[in-house]
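A.B. asks: A predicted structure for the sequence below; I have some questions about it.
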Amino acid sequence: MSANPSASDLEALWMPFTANRQFKANPRLLARAEGMHYWTHDGRKILDGVAGLWCVNAGHGRKEITDAVSKQMATMEFAPPFQMGHAGAFELASRLIKLTPGDLDHVFFTNSGSESVDTALKIAIAYQRVRGEASRQRLIGREKGYHGVGFGGISVGGMVNNRKFFGAMLPGVDHLRHTLDLEHNAFSRGVPEWGAHLADDLERLVALHDASTIAAVIVEPVAGSAGVVLPPKGYLQRLRAICDKHGILLIFDEVITGFGRLGTPFGAQYFDVLPDMITSAKGLTNGAIPMGAVFVRKHIYDAFMHGPQNAIELFHGYTYSAHPVACAAALATQDIYEREGLLTRGAELAKVWEDAVHSLRGLPHVIDVRNIGLVAGIELESRSGAPGARGYEAFVKAYEKGILIRVTGDIIALSPPLIVEPAQIDQLITTLREIIRATA
Ligand SMILES: Cc1ncc(COP(=O)(O)O)c(C=O)c1O
């Protein structure tokens, strides 16, 4: 592989969620990664402020993962997952359910967050049918939600650009209102005090559609991709209570919040709310090999385990479900998390992190700072008539100054690897301060 792609190489690739022409005019190429850092193709060291893309929770270049993957490749590179199995899949499933709360004790493997979401939505509808409630087919998402890019995910998702180009979506979907409210909650430290009642919006949808038509509600406990939107205190508890009252399943999309991002293994534990399913991916394998997992509660799994022994209970799965190499990567990742205490490290660093990110308050154009666990959102005021321009400028300046951040419109999102040291938090925020000051 050459270090620098030619102009025609650059042209051949249609890059995802990227301004292709702008990028190709001035490419940002990463060549190597280790620990908390990337190195660019021209040798510059970049501090990773976003764990790659919310996934490299144990930091880059972990030798145990590389070794486990190489060993698995040499032993058995593929095993068919339908009507066949391999030990690593079962070992991983049983290992993972030790991390999940309550009776979320069955796992279905996928290859990405998007597939996890589609899987959970399908299980929800099928579950309602097998328990004799076949009229419950409606899915409820939330404005500003991001649930990946499958048709199920964009249908329940609530980000307009991810939806508006793609036609009619799944039928029968509705959305709760979102929980972002700067008027009441700007510069809250941790979860905002105001807004638990926003969960009552589900009662409005029940009144409109009737509970007998609703299969499930899906929300991110903390919305990441829309720009770090936190649940107000008590909101998720209230959502759970309303779902229980009406026989509606509650799905937490924990593709970002899973695997230690908030200082607990899952967001469900952070908020002490037990959903019926959890979708995950990203940190499951430290981002090293694509893999996702859906955790379901016992009553859901059990509801399918009826009928003749030879009947396939769920007509769903992927060629690469529980891929042996992904399982090996995930098992090695879980070893690292456990040995280094990374799934709770976010809680130890949360105060240092909170103080650091809130020190950006008062800088030009900063209209909100939001934080939880090892996540932060810094919202910049949009330039008149040019939403996203200020955010993009900050992103490019950050890259030039040696830090990798993520922007959604004019909101900067930070989510460093969970191995981050306080001195690196300081470096990240000090550099970001200079960048925000320099971004007119
Ligand atoms: C909450 C959530 N769900 C689903 C996804 C989709 O995951 P993937 O890109 O692996 O399909 C993401 C990705 O960022 C996410 O944040």
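C.D. replies: Looks like it arrived, so ask away. Numbers count the residues shown, from 1 in each chain.

A.B. asks: which residues in the stretch 151-300 of the chain form helices?
C.D. replies: With helices called from DSSP state H, counting those that start in this stretch, the stretch 151-300 of the chain shows them at 151-156, 160-163, 182-185, 201-209, 235-246, 267-271, 298-304.

A.B. asks: so which of these gets nearest residue 37?
C.D. replies: With Cβ to Cβ as the criterion, residue 37 lies closest to helix 267-271 of those, at 27.4 Å. Placement of C-beta: from N, CA and C, glycine included.

A.B. asks: for the closest residue to the ligand within the chain, give me its contacts.
C.D. replies: Among the residues of the chain, residue 113 lies closest to the ligand, at 2.2 Å counting by Cβ to the nearest ligand atom. With contacts defined as Cβ atoms under 8 Å, 6 or more residues apart in numbering, residue 113 is in contact with 147-148, 253, 255, 279-282, 292.

A.B. asks: save these as TSV, and put in neighbour count too.
C.D. replies: Compiled in TSV, the contacts of residue 113 are given as follows (neighbours: other Cβ atoms under 10 Å):
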residue	neighbour count
147	32
148	23
253	33
255	30
279	31
280	27
281	29
282	28
292	28
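
A.B. asks: among these, which pair sits farthest apart?
C.D. replies: When Cβ to Cβ is used, the two most widely separated members of the contacts of residue 113 are 147 and 282, lying 13.3 Å apart.

A.B. asks: buried set for stretch 117-136?
C.D. replies: For stretch 117-136, burial by neighbour count (16 or more other Cβ atoms under 10 Å) applies to 117-128, 130, 133, 136.

A.B. asks: list just the nearest of those to residue 320.
C.D. replies: When the buried residues of stretch 117-136 are compared for distance to residue 320 (Cβ to Cβ), residue 119 comes out closest, at 12.9 Å.

A.B. asks: report the secondary structure state of the closest one.
C.D. replies: Using DSSP: H, G, I helix; E, B strand; the rest coil as the criterion, the local structure at residue 119 reads helix.

A.B. asks: now do it against residue 133, distance only.
C.D. replies: 20 Å (Cβ to Cβ, to the nearest Å).

A.B. asks: repeat that for residue 124.
C.D. replies: 11 Å.

A.B. asks: again with residue 328
C.D. replies: If you go by Cβ to Cβ, the gap between residue 328 and residue 133 works out to 39 Å.

A.B. asks: next one: residue 98
C.D. replies: Shown here: residue 98 relative to residue 133, a distance of 31 Å by Cβ to Cβ.

A.B. asks: how many other residues sit next to residue 241?
C.D. replies: The burial metric for residue 241, expressed as a neighbour count using other Cβ atoms under 10 Å, is 15.

A.B. asks: how close does it get to residue 144?
C.D. replies: Distance, residue 241 to residue 144, using Cβ to Cβ: 22 Å.

A.B. asks: what pLDDT is listed against the residue of the chain most remote from its centre?
C.D. replies: Distance to the chain centre peaks in the chain at residue 308, reaching 37.5 Å (criterion: Cα atoms, centre = their mean). In this prediction, residue 308 carries a pLDDT score of 95.

A.B. asks: ok, now the one 4 residues further on?
C.D. replies: Per-residue pLDDT puts residue 312 at 97.

A.B. asks: with adjacent residues omitted, what lies nearest to the residue positioned nearest the centre of the chain?
C.D. replies: Central residue check for the chain by Cα atoms, centre = their mean: the C-alpha nearest the mean position is that of residue 256, 2.4 Å away. Of all residues beyond its chain neighbours, the one nearest residue 256 is residue 224 (3.9 Å), with distances taken as Cβ to Cβ, 6 or more residues apart in numbering.

A.B. asks: the stretch 101-250 of the chain: strands as residue ranges?
C.D. replies: Shown for the stretch 101-250 of the chain, the strands assigned by DSSP state E, counting those that start in this stretch span residues 106-110, 138-142, 173-176, 214-219, 249-253.

A.B. asks: got those strands as TSV, with mean pLDDT and distance to the ligand columns?
C.D. replies: As requested, those are exported to TSV (pLDDT from 0 to 100; distance: least, Cβ to the nearest ligand atom, whole Å):
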stretch	mean pLDDT	distance to the ligand
strand 106-110	98	9
strand 138-142	98	11
strand 173-176	98	15
strand 214-219	98	9
strand 249-253	99	4
